[in-house]
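Novice: Sharing a model that was predicted from the sequence below.
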Amino acid sequence: MQDKILEILTNADGYVSGQDISEQLGVSRQAVSKAVKALKEKGYKISSITNKGYFLVSEPNYLNEQSIKKHLITAVIGKKLVVLDTIGSTNDYLKAEGSKGCANGTVAAAREQTKGKGRLGRAWQTNKDDCIMFSFLLRPNITPQEVSCITPLAGLAVCKAIREYTGLDCKIKWPNDIIVGSKKLVGILTEMSAEFDGVEYVVTGIGINADHTSFPEEIAHKATSIFIETGLHINKNEFLACVLNQIEKDFVKNDMKLSEKALEEYTLLCATIGRNVNFTRQGQTVSGTAVGVDGQGELIVKLSDGTDCVVNSGEVIVQGIY
């Protein structure tokens with residue numbers, strides 16, 4: 001009932017009487033009053049005036065469904081949206097929901113993750129409400145080989161959304177990070193469920209450092225946040241909607257592929273290109289210069305002998321970036 005009351009107050013031009021709300025929801029005035037009190041305890045500022053009713057003054061800045069939906073203009077991504085108070089991992093949550101048949105475009109966000117993970121199985125944790133953590137599930141008609149385009153497309157969209165919303169000069173660190181300067185701001189992890197030549201679903205998880213004021217000493221040299229870079233505590237709900245809007249726009253515009261236009265944009269925003277990189281191949285450390293990204297999202301590296309080498313997975317060390 002609280003969600004329904006929020007929806008009524010959000011869409012109202014002014015005060016809404018308790019009687020009107022009770023009639024719309026088919027509940028007692030006492031039940032409405034109790035639900036409004038509970039919303040206030042959650043951080044919603046609601047004005048209550050006798051003979052006028054209720055008016056939503058402001059919303060809490062922690063992630064919540066109603067506040068995100070107010071700013072969503074998507075047709076698919078986020079139409080089914082759940083915001084969890086605490087969860088092990090939004091990726092794991094959506095993979096479980098995906099196996100149950102949840103809708104294409106379902107988004108799960110969380111105020112806190114207890115078992116977050118990054119690439120190569122690394123653990124990833126943050127304090128409650130410091131980070132914007134979410135995953136989205138797609139059921140694309142593509143082959144498993146084509147899934148490699150999902151992460152760079154998501155990275156491109158997230159990078160563009162951050163630049164637009166915050167003004168930060170952020171860049172993409174291939175394959176799955178967004179950075180400011182030489183410090184990590186965003187991590188992206190894509191996982192899939194597939195059989196033979198068909199993909200059942202793809203889940204992409206994204207973590208954006210938002211309100212961190214500092215980081216543990218062991219990672220302070222390589223991590224940053226929107227607050228650290230701008231001095232501002234952004235409206236996380238409006239911002240997440242902005243990111244989801246941009247993801248859908250870029251995925252639709254490029255037909256979920258690294259199109260010529262997408263590659264052009266990605267190349268302009270990719271901080272890895274033009275830098276010296278090291279990676280491991282057949283047990284040997286190989287060095288070269290990153291010169292581009294191909295249509296499958298693979299990194300093209302020019303070796304010292306002048307030949308090009310394609311890197312599609314594993315750990316790549318980029319000179320000058322953590």
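Specialist: On my side now, so go ahead. Predicted model, so just to flag it, every value in this text is computed and none were measured.
Novice: residues in contact with residue 155?
Specialist: By Cβ atoms under 8 Å, 6 or more residues apart in numbering, residue 155 lies in contact with 172, 175, 176, 177, 178, 186, 188, 266. In this view, the C-beta of every residue, glycine as well, is placed from N, C-alpha and C.
Novice: center of the chain - which residue?
Specialist: residue 206 (3.9 Å; Cα atoms, centre = their mean).
Novice: same for whatever helix or strand that one lives in, what does it pack against?
Specialist: Element membership of residue 206 [criterion: DSSP states H and E] is strand 198-209. With contacts defined as 3 or more Cβ pairs under 8 Å, 6 or more residues apart in numbering; DSSP states H and E, strand 198-209 has these neighbours: helix 90-99, strand 131-138, helix 150-166, strand 183-195.
Novice: How far off centre is the shortest one?
Specialist: Meaning strand 131-138. 5 Å (Cα atoms, centre = their mean, to the nearest Å).
Novice: tilt between that strand and helix 90-99?
Specialist: 20 degrees (axes from the mean of the first three to the mean of the last three Cα atoms, to 10 degrees).
Novice: which strands and helices sit next to strand 131-138?
Specialist: helix 90-99, strand 107-110, strand 198-209, helix 236-253.
Novice: Buried deepest among the ones you listed, which one?
Specialist: Per residue and on average, the most neighbours among the helices and strands packed on strand 131-138 fall to strand 107-110, with a mean of 25 (mean count of other Cβ atoms under 10 Å).
Novice: contacting residues for residue 57?
Specialist: 45, 46, 47.
Novice: if you set the cut-off to 6 Å instead, what comes out?
Specialist: By Cβ atoms under 6 Å, 6 or more residues apart in numbering, the contact list for residue 57 reads 45, 47.
Novice: Show me what counts as buried in stretch 65-85.
Specialist: By neighbour count on 16 or more other Cβ atoms under 10 Å, the buried set for stretch 65-85 is 65-69, 71-72, 74, 77-78, 80-84.
Novice: returning to that earlier point: what's the most buried one of the helices and strands packed on strand 198-209?
Specialist: Taking mean count of other Cβ under 10 Å, strand 131-138 is the most buried of these, at a mean of 26.
Novice: Can you pull out the low-pLDDT segments for the protein?
Specialist: Low-confidence segments of the chain (pLDDT under 70): 117-125.
Novice: Show me how it divides into domains.
Specialist: 2-58, 65-269, 276-318 (automatic domain parsing).
Novice: Do me a favour and get the end-to-end distance for the last one?
Specialist: Going back to what we said before, that points to domain 276-318. Length of domain 276-318, first residue to last, Cα to Cα, to the nearest Å: 6 Å.
Novice: How far away from the center of its chain is that domain?
Specialist: Counting by Cα atoms, centre = their mean, domain 276-318 comes out at 27 Å from the chain centroid.
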